[in-house]
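Asks: here is my input; please provide its structure:
(2 chains)
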Amino acid sequence: MEIMYILIGCSVLLALMFLCAFFWANKTGQHNDTYTPSIRILFDDETTEGEDK
Amino acid sequence: MAALKEEIQTAEKCFHCGDKIEETGYQLDHHDFCCLGCQTVYQVLNNSGMQQYYRYNQHPGKSNKSKQEDFSYLDEPQIAGKLVDFEDDKMTIITFYIPAIHCSSCIWLLENLYKLNPNVLQSRVDFMKKQASITFNHNQLPLKDLVYLLVNIGYDPKITLQDVVKEGNRNNLNPLVAKIAVAGFCFGNSMLFSFPDYFGMGNFEKEYANFFGYINLAFGLPVLLYCASDYFKSAYWSLKQKRLNLDVPLALGILVLFLRSAFEVITQTGAGFTDTLCSLVFFILIGKWVQQRTYYHISFERDYRSYFPVAVTVLTESGDKPVQLADVHIGDRILVRNNEIIPADAMLLKGDAAIDFSFVTGESSPVSKTLGEIIYAGGRQTGEAIELEVVKPISQSYLTKLWNNENYKDYDKHFQTFVNFISKYFTVVLLAIALLAALFWAVDGSASRAWGAFTAVLIIACPCALALSSPFTLSAALSIFDRNKFYVKNTAAIEQMATIDTLVFDKTGTISSPKATSIYFEGTLSIVEKRLLNAVCRNSSHPLSREIVKWLDVPSSMSVQDFKEFPGKGMQATADGKQIKIGSGSFLDIGHVKTDGSVVFIRIDGELKGYFTMEQSWRDGLSALIEDFKMDYSLHLISGDNDRRLDALQLIFPSNASLLFNQSPMEKLQVIQNFQEEGKHVCMVGDGLNDAGALRKADLGIAVSDDINNFSPGCDAILDGESFSKMPDFFAFSKDAVKVIHMSFGISLLYNVVGLSFAVKGMMSPLFAAILMPISTVTIISFTSLMTRWYAKRRKL
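Replies: Residues are numbered from 1 along each chain as shown, chains lettered A, B, ... in the order given. Coordinates of the predicted model:
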């Protein structure tokens, strides 16, 4: 059952990677503005439509 | 005809901004526009993809929202250097605060700036903060031109050197968020490694029990040392000041949790409580985050510097030069143009000064000054450009002194919140129970049980739920207020609001609305004359002209020749062969006329036809509001204005209200102070700079503003003029919120009693703690959120 130690080590390591990913996202300001991107994503279609006309 | 016209008018809404279209509407592509600004933005949007710069129309009837500002100071590298975020030899990044951002089209337009000018490399909008971050090539496009580019499409950036908005931007919650992340990570993992123990382990699995214990301790360590560090610091400071705040029992609980867990794991007597420790810290940190969260990006801490212009034109021998305010010295000759603010106490040297002091004194009509007179800072020049000599440095001007007055500065709003009040007794009782339980078992001769009971009491009674009840209730209330356009600074202000028993109102701009004016005409006008006036007034963007056009309510088809507008004075034109002059008494050579409010005289072909008088009218629902407040609050009015409308106010206010007029800002502050010395909890409702002192001095200062992005003095809450009539509901709701806190306190106490009954016996399994702690937390969070919203619904908020 020594495999348990390895498995636990792996799972903690994986969780730590997710924690680091969160820190990285937070540090690069990905959570600073959570509203504007939701609008921005709708724009591309509008532009092409405008150009087609 | 008139009735039909009105119907059409109310039905017609601006295609771009949705405002009602006034007499002076615009049409393009079969769409109607309320103002040129709107139409232009439409044009730009319509021509998307074309890099055609829109041609600025010279017509003076441009929306009065944007007064053409002079941005030449942006050419001064010293000033520009303070505004930009980043600069190298190729490009510059600058973040503007643009109050006009309000819809998705705004974002689209501002992020496609590069189509208008290829020298804009990139632009990003933060909608909630109303900010645009623009990267541009400053070699091809100077900062000034970039600002003009924005102004021309109707997005005037608000530029101040003391950029409160930017400062707020830097103050992010990252340390707290990081702590929550770490606590959450440890919580999840330690919960996982506690499960085997909770479910029971077979004999062959026992070898792992010790390993799980140590791994749990390893997760508890960062939570104790990093995530909970603020609680230990706060507890230490509060003990040092011989005060007991809620952080003391919290810190004690956290510490005891860890020590007992470590003890159990090392001595191999149990599994420890690490998962409870992590969940406790995780939840209270979330409570803290909720409390700090703001829903709307408004600055409540504006000072005089954000009201003043960034730079002023100084007249030197080598010509005019824009100089930033800090570098203006005594003896400098400055030039103040129409609509500019006088930044320092100065002596009038040249020109006709008609100073609008409404922001400083509350008096609404402009004051004329003679040459050689000292003009105090803060006034706005209306009329031609004037020359002044600075007599006092800006830091010592009347206005600045008023703002920095000692009386306001020393003042620190420390009032006792419910939780602070409770925590004193809570801690004492908690320690007493813990010691008694320990003593009981010690006398019984069971040392290990005494230790067990003592630690269990401190763990189980750790006021986690209590610490969460007020943040969650108040932040729910905060979001409800926000939805109703009442922006409260922080959660503590809501608790303060519930204690208010005295309301003091300012008059001009607070209970009367600067938007709604009542207009009266003295004299007689024939239909033809009305049409003549209509034709002339339509050409002017002055608010009074617009009011007159509305009042006249006649169709216009006449053309006007030789139209000339004299800012701050009036206008003249020829129509139908008749000479028409409209304006102030001095402009029409009538001499000084003793009148109240704003007066506009009419002269047609040299003959005086009469005059319009304009008064601000009361806000909608004022009398109903006073009626609602009358029962539970004592009401007062202090106005910087004169008492010409005393009669009307006496009818609205109850007979025991004191109505004070001609009050200077210092006197206003004194009145508030007197009320406070009588032991009253005073709320000041004001709007202008003249109320700034009173707003800060009062237990709760509410600034009423019709455009919340505009300047408002430092205060605890900003109320949008639209929601003025809802004020009684707001106050009642704040009391409901406090009621919810009391109720949730009762619930958390109930959990504590249940937990304690087990703890004092020295019997508390880790599983019991691990279940009770999250359950009580979840109960409190859901109860407070639901209750607060239920109360809001009942109040129709």
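
Asks: tell me the SS of B:Gln572?
Replies: strand (DSSP: H, G, I helix; E, B strand; the rest coil).

Asks: phi, psi of the residue nearest to it when sequence neighbours are not counted?
Replies: If you skip the residues right next to it in sequence, B:Gln572 has B:Lys581 as its closest partner in space, 4.6 Å away by CB to CB, 6 or more residues apart in numbering or on different chains. (Each C-beta comes from the backbone N, C-alpha and C, glycine too.) In terms of degrees, to the nearest 10, the main-chain angles of B:Lys581 are phi -130, psi 130.

Asks: separation between B:Lys581 and B:Glu522?
Replies: 17 Å (CB to CB, to the nearest Å).

Asks: once you drop chain neighbours, what's closest to the residue of the stretch 151-300 of chain B found nearest chain A?
Replies: Across the stretch 151-300 of chain B, the shortest distance to chain A (CB to the nearest CB) belongs to B:Phe185, at 4.8 Å. Counting by CB to CB, 6+ apart, the nearest residue to B:Phe185 once its immediate chain neighbours are dropped is A:Leu19, at 4.8 Å.

Asks: next secondary structure after the helix or strand harbouring the one you found?
Replies: In this structure, A:Leu19 is located in helix A:3-27 according to DSSP states H and E. Using DSSP H and E, the helix or strand that follows helix A:3-27 towards the C-terminus is helix A:36-40.

Asks: averaged pLDDT, that following helix. What do you get?
Replies: The pLDDT scores in helix A:36-40 average 83.

Asks: same question for stretch B:698-709.
Replies: The pLDDT scores in stretch B:698-709 average 81.

Asks: now do stretch B:490-503
Replies: Averaging pLDDT along stretch B:490-503 yields 89.

Asks: pull out the buried positions in that stretch.
Replies: Using 16 or more other CB atoms under 10 Å in any protein chain shown as the burial criterion, the residues of stretch B:490-503 that qualify are B:Asn490, B:Thr491, B:Ala492, B:Ala493, B:Ile494, B:Glu495, B:Gln496, B:Met497, B:Ala498, B:Ile500, B:Thr502, B:Leu503.

Asks: check what pLDDT residue 32 gets.
Replies: Answering for chain A, as no chain was given. Reading off the confidence values, A:Asn32 has pLDDT 77.

Asks: switch to chain B, that's the one I care about
Replies: Confidence at B:Asp32, expressed as pLDDT, is 70.

Asks: likewise for B:Ser66?
Replies: Note for B:Ser66: predicted pLDDT of 47.

Asks: tell me, which of the buried residues of stretch B:490-503 make contact with chain A?
Replies: Intersecting the buried residues of stretch B:490-503 with the surroundings of chain A, defined as CB under 8 Å from any CB of the partner chain, gives nothing.

Asks: TSV for these, including distance to B:Val328?
Replies: Supplementary listing: the buried residues of stretch B:490-503 in TSV, determined by distance: CB to CB, whole Å:
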residue	distance to B:Val328
B:Asn490	36
B:Thr491	41
B:Ala492	38
B:Ala493	36
B:Ile494	41
B:Glu495	43
B:Gln496	39
B:Met497	41
B:Ala498	45
B:Ile500	41
B:Thr502	41
B:Leu503	40
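
Asks: and for the one residue in the stretch 451-600 of chain B that gets nearest to chain A, the neighbour number?
Replies: Nearest to chain A in the stretch 451-600 of chain B, going by CB to the nearest CB, is B:Asp482, at a distance of 14.1 Å. The burial metric for B:Asp482, expressed as a neighbour count using other CB atoms under 10 Å in any protein chain shown, is 15.
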